[in-house]
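Asker: Take this sequence and fold it.
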Amino acid sequence: MSFVGNNQRGYSGNPKSKWKEELLEFANKLNYKGKISGYDLYKSFSDENNSAYVEFNINEEKSDIYIRKWNVGESLGDKVANPSPNDHKIRTGSFDKMLISELGSVCTEISRVGLTKISKEKLRS
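Answerer: Got it, this is the predicted structure:
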């Protein structure tokens, strides 16, 4: 998920091509050989400098993705100790030295009002 259409990521050259290249590079660094899909958030939120809340839900062997505009100053609720450390991780480090680490705490009260289910675009079969 990224804002590609307005090049909010600041890619040089063709933003969509660069976005796909970046996703493939992440997959290669993680030694991931499966399918890759994504979504250009600009399709849904075409104002400049938007942010989005993106929610992934496991649905058997696939995932459903829901999005909504993120509002500046929106409450995240209280942070609590991560109840599922094997399911919630954080990526840190640079592209060349990417690390996946445990996420110590998570937010508990992010509003789900206004979520819209989206269809992902296949980026690699």
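
Asker: Contacts for the lowest-mean-pLDDT helix or strand in the chain, please.
Answerer: Ranking every helix and strand in the chain by mean pLDDT, DSSP states H and E puts strand 89-92 at the bottom, with a mean of 84. The contact list for strand 89-92, computed with C-beta atoms under 8 Å, 6 or more residues apart in numbering, reads Met98, Leu99, Ile100, Ser101, Glu102, Leu103. C-betas here are computed from N, CA, C, even on glycine.

Asker: Just send the residues you listed back as TSV, with pLDDT too.
Answerer: Output for the contacts of strand 89-92, formatted as TSV (pLDDT from 0 to 100):
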residue	pLDDT
Met98	78
Leu99	84
Ile100	86
Ser101	87
Glu102	86
Leu103	88
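
Asker: Return the subset of the residues you listed lying in strands.
Answerer: Using DSSP state E, the members of the contacts of strand 89-92 that fall in strands are Leu99, Ile100, Ser101, Glu102.

Asker: in the sheet, who's paired with the residue nearest to the second one when sequence neighbours are not counted?
Answerer: In this case it means Ile100. Leaving aside its chain neighbours, Ile100 sits nearest to Lys89 (5.1 Å; criterion: C-beta to C-beta, 6 or more residues apart in numbering). Beta-bridge partners recorded for Lys89 (DSSP bridges): Glu102.
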